[in-house]
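[1] show me how the following folds:
(chains A, B, C and D)
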Number of protein chains: 2
Amino acid sequence: MSTARHASAPFTVDLVVLTALTSELAVLLEKGKGNSGRWTLPWRLPVRSESLNAVSGRLAVSAVGSKAAWIEQLGAFGDGRAHPSLVQLSVAFVAAVPHEMAGPERGFHWFPVRDLPPLAPRHRSMVEAAIERLRMAVDRAPIAFRLLPPRFTLTELQQMYELLLGKRLHKASFRRSLQAASLVTATDEWRSEGRGRPAQLYTFAPKRKNRPARGVRFDLLGGTGV
Amino acid sequence: MSTARHASAPFTVDLVVLTALTSELAVLLEKGKGNSGRWTLPWRLPVRSESLNAVSGRLAVSAVGSKAAWIEQLGAFGDGRAHPSLVQLSVAFVAAVPHEMAGPERGFHWFPVRDLPPLAPRHRSMVEAAIERLRMAVDRAPIAFRLLPPRFTLTELQQMYELLLGKRLHKASFRRSLQAASLVTATDEWRSEGRGRPAQLYTFAPKRKNRPARGVRFDLLGGTGV
DNA sequence: TCAATAGTGTCTGTTAGACATTATGGA
DNA sequence: TCCATAATGTCTAACAGACACTATTGA
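    Predicted structure coming up:
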């Protein structure tokens, strides 16, 4: 029951920053500003008349030290689930950043999504929604490419997709689709990684292609099939 | 700049109700409560501590007179786009209802989405987002079926899908996928519609089927292809 | 030489769209 | 009878996954 009488808006903007941490997804958490030293998602009470996108963008910069590779609004969260701010409503954003590029700022820490510390209920539902949204977005936005360095091997790219999607992919199929989509071009560089045959390096260089726009998918009932 | 000192929450809940109106999508608008008699999306200032889902659900009932066939949160809208309430933030929902079932309540009217009256900028972006969201949701939720009467012909079902998706579908492919998805069962009734051969009536009776869970779709660059 | 990884060719099953054909009523 | 619509069979192209094979390095 906070009496909002200062110039801040009566809702928080919260951010779920995801990254690829050695073969698993990780979330960026902040050492709680409140009394209990619990970890929280980065959030802030925006000042009035600030745009949501501006606030979330600056929140990302303040957390990871650079602009996010991808950021999207998740939605409004409230409905009785507790939040560290005690404010009724939160607008959540989901972002992805490359892990190597910029270490987290002071007071922040990466946690694997499979092993999170206790979070406020509202924050826990945001993390779940964020992962789901990321997996939906991976095939519509070049997120995987932006999480990799400018030059990468196709195996690295595939592993990034597998990590983001949370499932294994078939090597030959992956490369065929990639070829058909005209998304990468080979460089003349190769990289030797320990034992086996060196891998060719590629760059992200999408060329517009008119996809045939398939019909309906009757994907009701959430049948995942294995 | 309204001083929010009464017991209402400092944001609005807005609703985009969509329906299938004789071969085109239509939105439900309300004669503006404000000074200018402009049309607006149905919205309200919820009282504090009300859940978002509860508010949006009741808003739908008050607009169409019955529970929505499908409803989902669209997200938070603000960012400087004007809203009839003058409130900074709005949480929008999108809903779909069958057109025949329940006429709109007094003061409401259906408008084809291709021919909308002037709307507040924030409401216009909600309508656009709602249509896009509906099209994404049509193959994950049985929206088309809930907009049809319990017994329908396959041609009616296909036309509903075409209307919701905004594109033509291939008849034989549509029926094959439908069959494969085990979503409908035939009744022993037939309906003669004017000239040609009568059509068999079907009911929505989904049977769980384990779909094979396909790989990646490189669907970047929004290539629609025709 | 062996182990390990990169990269590719072939085969098969599934599916979407094109097209044509049959079926069955009303005008 | 003719016409309009329903319903279905066949063909083809695209594509995903399985499998196996070759290529190229380090140990």
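[2] which residue is nearest the centroid of chain A?
    residue A:96 (3.2 Å; CA atoms, centre = their mean).
[3] how many other residues sit next to the residue of chain A found nearest DNA strand C?
    At 2.4 Å from DNA strand C, residue A:196 is the closest residue in chain A, using CB to the nearest atom of the strand. In this view, the C-beta of every residue, glycine as well, is placed from N, C-alpha and C. Residue A:196 has 7 neighbours, counted by other CB atoms under 10 Å in any protein chain shown.
[4] quick check, residue A:145 in a strand?
    No: assessed by DSSP: H, G, I helix; E, B strand; the rest coil, residue A:145 does not belong to a strand; its assignment is helix.
[5] enumerate every residue touching it.
    A:157, A:183, A:204 (CB atoms under 8 Å, 6 or more residues apart in numbering or on different chains).
[6] give me the spatial nearest neighbour of the last one, chain neighbours excluded.
    On the basis of CB to CB, 6 or more residues apart in numbering or on different chains, the spatially nearest residue to residue A:204 that is not a chain neighbour turns out to be residue A:145, at 4.1 Å.
[7] same deal with the second one?
    Taking CB to CB, 6+ apart as the measure, residue A:183 lies nearest to residue A:206, with 5.0 Å between them; neighbours along the chain are not counted.
[8] what sits against the one you found?
    Neighbouring residues of residue A:206 by CB under 8 Å, 6+ apart: A:142, A:181-183, B:220-221.
[9] from those residues, keep the buried residues only.
    Neighbour-count burial (16 or more other CB atoms under 10 Å in any protein chain shown) applied to these gives A:142, A:181, A:183, B:220-221.
[10] can you show me the helices along chain A?
    All helices of chain A, identified by DSSP state H, fall at A:52-64, A:121-137, A:143-146, A:154-165, A:171-181.
[11] just the CA trace of the shortest one, in CSV.
    Looking back up the chat, that one is helix A:143-146. The C-alpha trace of helix A:143-146 is given here as CSV (Å, rounded to 0.1, in the frame of the first residue of the first chain):
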residue,chain,number,x,y,z
ILE,A,143,18.6,-13.3,-32.0
ALA,A,144,21.0,-16.3,-32.3
PHE,A,145,23.2,-14.4,-34.7
ARG,A,146,23.4,-11.3,-32.4
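[12] okay, now the unreliable bits of chain A?
    Chain A contains residues with pLDDT under 70 at A:1-9, A:34-35, A:101-103, A:221-226.
[13] any idea how far residue A:190 is from the closest residue to DNA strand D within chain A?
    Of all residues in chain A, residue A:197 sits closest to DNA strand D, at 3.0 Å by CB to the nearest atom of the strand. Using CB to CB, to the nearest Å, one obtains 9 Å as the distance from residue A:197 to residue A:190.
[14] list the residues that contact the residue nearest to the centre of chain A.
    A:17-19, A:68-71, A:134, A:143, A:146-147 are the contacts of residue A:96 under CB under 8 Å, 6+ apart.
[15] contact residues of chain A facing DNA strand D?
    Contact residues (CB under 7 Å from any atom of the strand) of chain A with DNA strand D: A:169-173, A:176-177, A:180, A:190, A:192, A:194-198, A:212.
[16] so what sits opposite residue A:94 in the bridge?
    Beta bridges link residue A:94 to residue A:16, residue A:72 when assigned by DSSP bridges.
[17] on that earlier part again, the residue of chain A closest to DNA strand D: neighbour count?
    By other CB under 10 Å, the residues close to residue A:197 number 8.
[18] and for residue A:88?
    Residue A:88, neighbours per other CB under 10 Å, totals 23.
[19] doesn't residue B:49 make contact with it?
    Yes: Residue A:88 is in contact with residue B:49 according to CB atoms under 8 Å; the separation is 6.9 Å.
[20] who's the closest residue to residue A:26 other than its chain neighbours bridged to?
    Nearest residue to residue A:26, sequence neighbours excluded (CB to CB, 6+ apart): residue A:110, at 4.3 Å. Here residue A:110 sits in beta bridges with residue A:28, going by DSSP bridges.
[21] of the contacts of residue A:206, which pair is most distant in space?
    Maximum pairwise distance in these, criterion CB to CB, is 12.8 Å, between A:142 and A:182.
[22] quick one: end-to-end distance for stretch A:81-97.
    Its start and end residues considered, stretch A:81-97 measures 27 Å (CA to CA, to the nearest Å).
[23] got the buried residues for it?
    The neighbour-count check on stretch A:81-97 (16+ other CB under 10 Å) flags A:83-85, A:87-97 as buried.
[24] so which of the residues you listed sit within strands?
    Counting by DSSP state E, the buried residues of stretch A:81-97 place A:89-96 in strands.
[25] which one of these is nearest to residue A:61?
    The nearest member of these to residue A:61, counting by CB to CB, is residue A:95 at 10.3 Å.
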